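Participant: Here you go, sequence then predicted model.
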Amino acid sequence: MTDLSHSTADHDTATLAQRVLRRRERYARSSWRAQPVQHSIAGYVRQWITERRALPMRYVLHLLVGLLVPLAILISQVPFASPAIVPSAVTMPSSDDSSDLVAPVAPFTLQPDTIGEAPVPDSAFESIDALPMPGLNLQLLKPQPIAATIIAESATIRGGPGTNYDKVAALPIGTPLQVLAQVNGWYQARGPDSRIIWVAAELLNLDPAVADFLPEATNIPAPPPAKIGLATEEGLNLRDGPGTPYIGITKLKSGAQLDLLARYGDWFQVQTPEGQAGWVLGQYLAIGLGVIDRIEVVTSIPDANPALIGRTSERNVNMRGGPGITYEKIGALGTGMQLDLLGRYQDWFKVRTPQGGTGWISNELLAVSTFVARRVPAVQNIPSLPRRTPATQAQTPRRALPAPSAAAGNVVGYAAQFVGARYVWGGTGPTVFDCSGFTRYVYKQYGLDLPHSSAGQYSTNYGTVISNPADLRPGDIVFFVNTYKRGISHVGIYVGDGEVVQAMSPKLGVGVASLNGGYWAQHYYGGIRPAR
């Protein structure tokens, strides 16, 4: 009994001691929390260790899982192996074109037992063998014609690929053709009437890329003989129409080779090597066999006696009392006025207005065909120049003015009479001149007041600028640069055929020089066509 009681007491004492110890520890922890935080590394470490021990184990496990999950995700992004093959997508349009079907296509590996197919007996093809077998249509292998249309207003169709072939016809714009072949910029085609014709490529609306599918033409006809004739007579008359009532243009030499352009009766329209066109009688031409039938026949010819009329080509055209600007102005005509041509004197026409007034107009101000101008009769008797007043007579130079035939519109004839006169610096005539004094004096007689300066005379105030020496006409004022000083320094009057009359130098005086080469051609600058 005594022993049992002692044992129970000992057990209760031990349990009580443990309880006391636990409470003491809780009290110590609560007291530590109540104390101020020690702001030191050692204090933070002690605090963290103490708090960790106080946490339940489940909190620690939760924290560990929260740290490991992001780490696992990060590691999964690292490419430790070669990248996988991503299947490409094939887009297939649906039947209603309203959506796309995207089907992935990936590489695949055939199993050994699926490669190839097992042989089948010939009897398996009996159904196919029983089908009818049509023959090959050889037409499908031939080049097919390409449709095209004419795009020119009137396309010349020829008998072969070139302008040396005869003209067959002229087709209007929009004419349909079937193009068969090509060669050297020409197309062989089948025309509306199924004829085989040839047309230049630029006359069709055929795409060059499409034309590349055309074969090269092989059945090309041989070129026909050239349409030429040889003059068999010396001095053969080239006329401006097919008949002797027409006016002769020039004389042809025996043996001259002429292109045959057209024919009318026994007459042939020809063109000389210089490009001049006219008519000659066929009996004076040597023409090869088969050529005459290929010459185009014309059915209409110009009237040998046309109405002699012209029209003014500018506004405010001056009509004068004689053939020259020294004659009195008697009227001004508007553009496009029709005038009867009564006579011709050099480069002036005597005209009659619709109201019946007559006068003279420069040919530069009239639109007149060459064919009509040839038929205007030449005038021999022209009006006398107006009389000078006493005041004007006092200024008349000691050298007498030339006859009216030289002064009336013919500047060149008037200027040429001073060849041989002396050159004196500052001279203005009538017996001595310098270069600008010479041109000033000559044109003053024709009503144009020029300054006494070569550079000052080069101005549109006095006429139209002419740059190209090939465009010069007799009477134009020509200018030179860098002769005795820099810039425009010399001037003269063009007389034709490259010749210029001018006051040249103190040693040479007034003379004639050539623009066709040498010093004056090198120093040529330009010209002025004096206003009339």
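Facilitator: Yes, it's here. Note that the coordinates shown come from a computational prediction; the quantities given were computed from them, not determined experimentally.
Participant: Could you use CA atoms for every contact and neighbour count after this?
Facilitator: OK.
Participant: Which residues are in contact with Pro215?
Facilitator: Residues in contact with Pro215, defined by Cα atoms under 8 Å, 6 or more residues apart in numbering, are Pro143, Leu180, Ala181, Gln182.
Participant: quick one: the third one from Leu258, how far?
Facilitator: For Ala181, the distance to Leu258 (Cα to Cα, to the nearest Å) stands at 34 Å.
Participant: Check the first one too.
Facilitator: Going from Pro143 to Leu258 by Cα to Cα gives 43 Å.
Participant: Which one's more surrounded, the two?
Facilitator: More neighbours surround Leu258 than the other of Pro143 and Leu258, with 22 against 12 (other Cα atoms under 10 Å).
Participant: what's the helix or strand the more buried one falls within in contact with?
Facilitator: According to DSSP states H and E, Leu258 maps onto strand 257-264. Outside of strand 257-264, the residues within contact range by Cα under 8 Å, 6+ apart are 227-231, 242, 268-273, 295-299.
Participant: Residue nearest the middle of the protein, spatially speaking?
Facilitator: For the chain, the residue nearest the mean C-alpha position is Glu202 (15.7 Å; Cα atoms, centre = their mean).
Participant: where does the protein have its least confident helix or strand?
Facilitator: Least confident helix or strand of the chain, by mean pLDDT, DSSP states H and E, is helix 404-407 with a mean of 33.
Participant: what comes up buried for stretch 342-349?
Facilitator: The neighbour-count check on stretch 342-349 (16 or more other Cα atoms under 10 Å) flags Leu342, Gly343, Arg344, Tyr345, Trp348, Phe349 as buried.
Participant: What distance separates the opening and closing residues of it?
Facilitator: 7 Å.
Participant: What mean pLDDT does it get?
Facilitator: Averaged across stretch 342-349, pLDDT comes to 90.
Participant: Same question for stretch 428-440.
Facilitator: The average pLDDT for stretch 428-440 rounds to 91.
Participant: repeat for stretch 168-175
Facilitator: On average, stretch 168-175 scores 91.
Participant: How far away from the center of its chain is that stretch?
Facilitator: Centre-to-centre, stretch 168-175 and its host chain are 26 Å apart (Cα atoms, centre = their mean, to the nearest Å).
Participant: now stretch 436-446
Facilitator: In terms of Cα atoms, centre = their mean, the centre of stretch 436-446 is set 45 Å apart from its chain centre.
Participant: in that stretch, what counts as buried?
Facilitator: If you call a residue buried by 16+ other Cα under 10 Å, then stretch 436-446 has these buried ones: Ser436, Gly437, Phe438, Thr439, Arg440, Tyr441, Val442, Tyr443, Tyr446.
Participant: what does stretch 465-477 give?
Facilitator: For stretch 465-477, burial by neighbour count (16+ other Cα under 10 Å) applies to Val465, Ile466, Pro469, Leu472, Arg473, Pro474, Gly475, Asp476, Ile477.
Participant: Does the first one touch Tyr525 like I think?
Facilitator: No: in this structure, Val465 sits apart from Tyr525 without contact. The criterion is Cα atoms under 8 Å, and the distance is 10.7 Å.
Participant: my guess is Ala304 meets Tyr246, correct?
Facilitator: Yes: at 5.6 Å, Ala304 counts as touching Tyr246 under the criterion of Cα under 8 Å.
Participant: ok, the residue lying closest to Ser505 once chain neighbours are set aside - contacts?
Facilitator: Nearest in space to Ser505, with sequence neighbours left out and distances taken as Cα to Cα, 6 or more residues apart in numbering, is Tyr423 at 5.9 Å. Residues in contact with Tyr423 (Cα under 8 Å, 6+ apart) are Val432, Phe433, Asp434, Ala503, Met504, Ser505, Pro506, Lys507, Leu508, Gly509, Val510.
Participant: Just the pLDDT at Tyr423, thanks.
Facilitator: Note on Tyr423: pLDDT of 91.
Participant: who does it bridge with?
Facilitator: Tyr423 has the following beta-bridge partners by DSSP bridges: Phe433.
Participant: Going by secondary structure, Leu177 is in what exactly?
Facilitator: Leu177 is part of strand 176-183, with elements assigned from DSSP H and E.
Participant: can I get the contacts of Tyr423 in a markdown table with neighbour count and distance to Ala217?
Facilitator: Shown next, in a markdown table, are these (neighbours: other Cα atoms under 10 Å; distance: Cα to Cα, whole Å):
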| residue | neighbour count | distance to Ala217 |
| --- | --- | --- |
| Val432 | 20 | 77 |
| Phe433 | 28 | 74 |
| Asp434 | 27 | 72 |
| Ala503 | 31 | 68 |
| Met504 | 20 | 67 |
| Ser505 | 16 | 70 |
| Pro506 | 13 | 74 |
| Lys507 | 9 | 73 |
| Leu508 | 14 | 70 |
| Gly509 | 21 | 71 |
| Val510 | 27 | 69 |
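Participant: Narrow those residues to those in strands?
Facilitator: Secondary structure from DSSP state E places Val432, Phe433, Ala503, Met504, Ser505, Gly509, Val510 of those in strands.
Participant: what bridges to the fifth one?
Facilitator: Under the criterion DSSP bridges, Ser505 forms beta bridges with Gly509.
Participant: Check the gap between it and Lys444 for me.
Facilitator: 22 Å.
Participant: where does Pro530 land on pLDDT?
Facilitator: Pro530 is given a pLDDT of 88.
Participant: Name the nearest residue to it, ignoring sequence neighbours.
Facilitator: Gly463 (4.2 Å).
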